[in-house]
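Peer 1: Below: sequence and its predicted model.
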Amino acid sequence: MNIRGRNIFTAMTGINLILALVLINIVINFLPELKLDLTKNKLHTLSPATVKIVHNLKDLVKIKVYLSSQLPPNAKPIADNLKTVLADFQNLNKTNLEVSYLDPLKDDKAKQEAQQYGIQPLQFSTVNNDKLEVQTGYFGLAMVYGNKQEVLSVAGDVGNLEYFLVSGIKKLTTGATSKVVLAGGNGEVADTEIQAFSKYLNDNYQVSTADLSKDGTLDGKDGTLLVLGPTTAFSQKAAEEVKRWVDSKKGALFLIQTVTVNDTLQGTMNNKLGIEDVLKDKGIEIQPTLILDASSTIANFRTQSGSFLSQYPYWVQIRPENINQSLPPLSGIQSLLLPWVSPLSISGKAKVMIYTSSRSWTSSDLSNLSPLAKSTMGTDLSKKPVAALVTDNARLAVVGDADFIKDQFASNDQNNLALAFNLIDYLSQDESLLSIRAKTIQNPPLQSLNDKTIQIIRGGAISAPLILLGLIGLLSAMIRKKKQSSIYA
């Protein structure tokens, strides 16, 4: 090819590239829903349940977003995410889904509407030019269907906007709300310790209570029974009530804490609860021991001399490979934090939902659970079941831990609450939204390595540069020798 031909080829290549970029921009502009989601859990792709519910809307649903134009930098990404999700919703059903954005700081009518929905102005603190500034803004939304409404007063409080939006739409349009029965009277987890759990429960379910102390009854109750960390024994009549409930194939979720740990990290074995035979009859037994695991989280502890970080084997970190995601309630759950958890013995048709790692062991010594106490790795290293599900001739789930739904632990891992509410929905036979709730951004847990592997990696990291330098030197010497041979040949 001559010089002129090469110049023409180069020019045409440049023109084709420009035309391709222009064409791509045109396609993106006219097809905004066209996108490529490369995230592992398809975080930026609407779930099939969402597509179905929004696409099949028969009547108008209005979503009013009360959003100030001036937001601090930390709130803007959340606002942008909200706009993206709502745009995807509108592309599914432009006829029966109406989205509007209103700024109450600039529109008095919008300000009055926001107040009627209970959406109040927020105080945002920002640092500008080394000065702390406080500004007022709005960031909430209301979903309106006829004379019914669902309100999110602070949109930044929701970790999974898609789930909140589509579950709100479903609740508005169908009027269906799952029922739960909260068992009490036997030393269950205090409401003050599970405020986030309780708030979500009361906002999204029809909640009734049943005091099962003494001769309490479940007569007239309906829904899924929640038994959250009881510490005192059920009476014989109450145990019979629970058995009757389970045998009638009503949903039941048992979070059983065999050991109570006080503020000084001393454990006390809880007495038998009187409902062990109910669970055993379905193939599940809870062992009176605690699990320690090499796959555990790093926790911050305080002493009189100060605070320190330490890996705490009693706070078990559950990794993806030990979660049975083939079961619907576990769909999308990637990690869990289970503090002071007990193992289960599984038999019959009960299915294991969650295991600990293969480097976990058990201990019955509860006298000192402090991270400063030496915990020698046991000899019974193996995976241990910590949660099980029964769907054959019953509908119940059991977790050998109740602490994981407490605010102290749920705030560190949204999957903890996702698991609890997935189980409630599944046991309530409402599976349509399971794939959405657990779709949250998270950092994948690091894989645990044994000491031998660590030594190999460490030795390789030290020796690899030396070996590489040696190879480069040897290659250079061979090249010089070859050049010298060709000169004197």
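Peer 2: Received it, and whenever you're ready, just let me know what you need.
Peer 1: how many other residues sit next to residue 82?
Peer 2: 22 (other CB atoms under 10 Å). From N, CA and C alone the C-beta is placed, and that goes for glycine too.
Peer 1: buried stuff in stretch 401-418?
Peer 2: Residues 401-406, 409-410, 413-418 are the ones in stretch 401-418 that count as buried (16 or more other CB atoms under 10 Å).
Peer 1: hmm, who's touching that stretch?
Peer 2: 159-160, 189, 193-197, 200, 228-229, 255-257, 261, 297, 332-342, 386, 419-420, 437-438, 440, 442 (CB atoms under 8 Å, 6 or more residues apart in numbering).
Peer 1: Show me the helices in the protein, by range?
Peer 2: Taking DSSP state H, the helices of the chain run over residues 3-30, 48-55, 76-92, 108-116, 161-174, 195-204, 236-247, 276-280, 407-410, 414-427, 434-437, 451-488.
Peer 1: Ok, which of those comes nearest residue 212?
Peer 2: helix 236-247 (4.1 Å; CB to CB).
Peer 1: any low-confidence regions in the stretch 101-250 of the chain?
Peer 2: Scanning the stretch 101-250 of the chain for pLDDT under 70 picks out 124-133, 155-160.
Peer 1: Centre of the chain to stretch 289-301, how far?
Peer 2: 19 Å (CA atoms, centre = their mean, to the nearest Å).
Peer 1: Geometric centre of the protein: which residue is closest?
Peer 2: residue 415 (2.3 Å; CA atoms, centre = their mean).
Peer 1: Let's have the helices of the chain in TSV, adding distance to residue 267.
Peer 2: Below are the helices of the chain laid out as TSV (distance: least, CB to CB, whole Å):
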stretch	distance to residue 267
helix 3-30	59
helix 48-55	42
helix 76-92	40
helix 108-116	49
helix 161-174	36
helix 195-204	23
helix 236-247	25
helix 276-280	19
helix 407-410	17
helix 414-427	21
helix 434-437	32
helix 451-488	28
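Peer 1: Go through the ones you listed and find the least confident stretch.
Peer 2: Across the helices of the chain, the stretch with the lowest average pLDDT is helix 3-30; it has a mean of 67.
Peer 1: got the contact list for residue 471?
Peer 2: Contacts of residue 471 by CB under 8 Å, 6+ apart: none found.
Peer 1: List only buried entries from the contacts of stretch 401-418.
Peer 2: Buried subset of the contacts of stretch 401-418 (neighbour count, 16+ other CB under 10 Å): 160, 189, 194, 197, 228-229, 255-257, 261, 297, 332-342, 386, 419-420, 437-438, 440.
Peer 1: Now do residue 423 against residue 417, distance only.
Peer 2: Counting by CB to CB, to the nearest Å, the gap from residue 423 to residue 417 is 11 Å.
Peer 1: swap in residue 90?
Peer 2: In terms of CB to CB, residue 90 sits 29 Å off from residue 417.
Peer 1: coming back round to it: which ones among the buried ones among the contacts of stretch 401-418 map onto strands?
Peer 2: 228, 255, 261, 297, 336, 337, 338, 339, 386 (DSSP state E).
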